[in-house]
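J.: The sequence isn't on hand, but the structure is:
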């Protein structure tokens, strides 16, 4: 049989490791009564949605199974992402929230089933394949970190970087520790996660900066720490800068960090330097909080807001 030609991939392709995507059901209220919204979700899915909005093509690698898996896969594909799937017997996660009284009430939450050894092996192979085809890989976490063996993150980060890949993570706890062992080119985290993990003892810049330098020593390259409405901090090369955020009204703060990570990744994939990428990421996160829906940003608005982001001494 003839040998097929090598696959050519645009420079703007990004692999996303999204091990157990979710189905999210939200009940709201309009003038006719209950209004039900069904979407795909999970950190990697929200990051993929934002990357698509910014003109970067995500290849999402995940496991899909039971009743909800095929539905989630179809929804992810409908948003423009390519899906590389491991089919499994276990369940994907499902979140059902009631917002009819303008408060988020949890009706049911089920994060999904633990990935088996064989499922992890297959998923690892998919991620390695697509990661080697991509300039950048984003390693995202499941709704429950115990669903995936942490060592999978160490091996994947290490193998991708050893073969010329760039690895971006937005993680905390044991999954972040595992990634640091493998090596990380860019780490995005939050001040809440830094404190919860015991990496910093307060949200003061001095404490966070000290912790950021420790993360650098442990295997991270660039480190970005978001601080809600306050300026983020970024350790770029040997310099720490405060990242001012555009002044916008907050509608929903959820997902700002994931969208910030996607914005940084998109800029890097499109050839931007680190400082320009951090500016775009800050603008993407800021726009996210003005909207209902995680990762539902608009490219033109993000790039206008990015002009209003400045990097200064903390």
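T.: The structure has been received and is ready for your questions. Source: prediction; values computed, not measured.

J.: Only C-alpha atoms from now on, for both contacts and neighbour counts.
T.: Will do.

J.: can you give me the strands for the stretch 51-200 of the chain?
T.: 57-65, 82-88, 92-98, 105-112, 136-139, 166-169, 184-190 (DSSP state E, counting those that start in this stretch).

J.: and these as JSON lines, adding mean neighbour count and distance to residue 75?
T.: Shown next, in JSON lines, are the strands of the stretch 51-200 of the chain (neighbours: other C-alpha atoms under 10 Å; distance: least, C-alpha to C-alpha, whole Å):
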{"stretch": "strand 57-65", "mean neighbour count": "26", "distance to residue 75": "12"}
{"stretch": "strand 82-88", "mean neighbour count": "18", "distance to residue 75": "10"}
{"stretch": "strand 92-98", "mean neighbour count": "21", "distance to residue 75": "14"}
{"stretch": "strand 105-112", "mean neighbour count": "14", "distance to residue 75": "17"}
{"stretch": "strand 136-139", "mean neighbour count": "27", "distance to residue 75": "20"}
{"stretch": "strand 166-169", "mean neighbour count": "27", "distance to residue 75": "24"}
{"stretch": "strand 184-190", "mean neighbour count": "23", "distance to residue 75": "27"}
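
J.: May I see the ones you listed organised as CSV, with distance to residue 269 added?
T.: Compiled in CSV, these are given as follows (distance: least, C-alpha to C-alpha, whole Å):
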stretch, distance to residue 269
strand 57-65, 10
strand 82-88, 17
strand 92-98, 30
strand 105-112, 31
strand 136-139, 7
strand 166-169, 10
strand 184-190, 13
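
J.: check contacts around residue 234.
T.: Taking C-alpha atoms under 8 Å, 6 or more residues apart in numbering, we find residue 234 in contact with 222, 223, 224, 225, 240, 241, 242, 243, 278.

J.: Tell me the pLDDT of it.
T.: Note on residue 234: pLDDT of 98.

J.: And for residue 229?
T.: 85.

J.: Now for the residue nearest to it when sequence neighbours are not counted: which residues touch it?
T.: Of all residues not flanking residue 229 in the chain, residue 245 sits nearest, at 7.5 Å (C-alpha to C-alpha, 6 or more residues apart in numbering). The contact partners of residue 245, taken as C-alpha under 8 Å, 6+ apart, are 229, 230, 231, 232, 282, 283, 286, 308, 309, 310.

J.: circling back to that earlier point, got a winner among the contacts of residue 234 for most neighbours?
T.: Tallying neighbours with other C-alpha atoms under 10 Å puts residue 278 at the head of these, with 29 neighbours.

J.: For the stretch 201-314 of the chain, which segments count as helices?
T.: For the stretch 201-314 of the chain, the helices defined by DSSP state H, counting those that start in this stretch cover 205-218, 256-269, 274-288, 299-306.

J.: Leaving out the residues flanking it, which one is nearest to residue 123?
T.: What sits nearest to residue 123 in space, not counting adjacent residues and going by C-alpha to C-alpha, 6+ apart, is residue 86, at 6.1 Å.

J.: picking that back up, out of the contacts of residue 245, which is most surrounded?
T.: With neighbours defined as other C-alpha under 10 Å, the most crowded of the contacts of residue 245 is residue 282; it has 31 neighbours.

J.: Surely that one touches residue 306?
T.: Yes: Residue 282 is within contact range of residue 306, at 7.3 Å (criterion: C-alpha atoms under 8 Å).

J.: so what's residue 138 bridging to?
T.: residue 16, residue 168 (DSSP bridges).

J.: returning to what we had before: if we look at the sheet, which residues does the residue nearest to residue 123 bridge to?
T.: Here residue 86 shows beta-bridge partners residue 63, assigned using DSSP bridges.

J.: That one: what's it in contact with?
T.: 61, 62, 63, 64, 119, 122, 123.

J.: what separates it from residue 53, distance-wise?
T.: To residue 53, residue 86 is 26 Å away according to C-alpha to C-alpha, to the nearest Å.

J.: With residue 166 instead?
T.: To residue 53, residue 166 is 21 Å away according to C-alpha to C-alpha.

J.: now swap in residue 165 and tell me
T.: 23 Å.

J.: Same check on residue 306?
T.: Going from residue 306 to residue 53 by C-alpha to C-alpha gives 15 Å.

J.: Residue 277 too?
T.: Separation of residue 277 from residue 53 (C-alpha to C-alpha): 15 Å.

J.: With residue 150 instead?
T.: Taken as C-alpha to C-alpha, the span from residue 150 to residue 53 is 30 Å.

J.: what do you get for residue 304?
T.: Separation of residue 304 from residue 53 (C-alpha to C-alpha): 14 Å.
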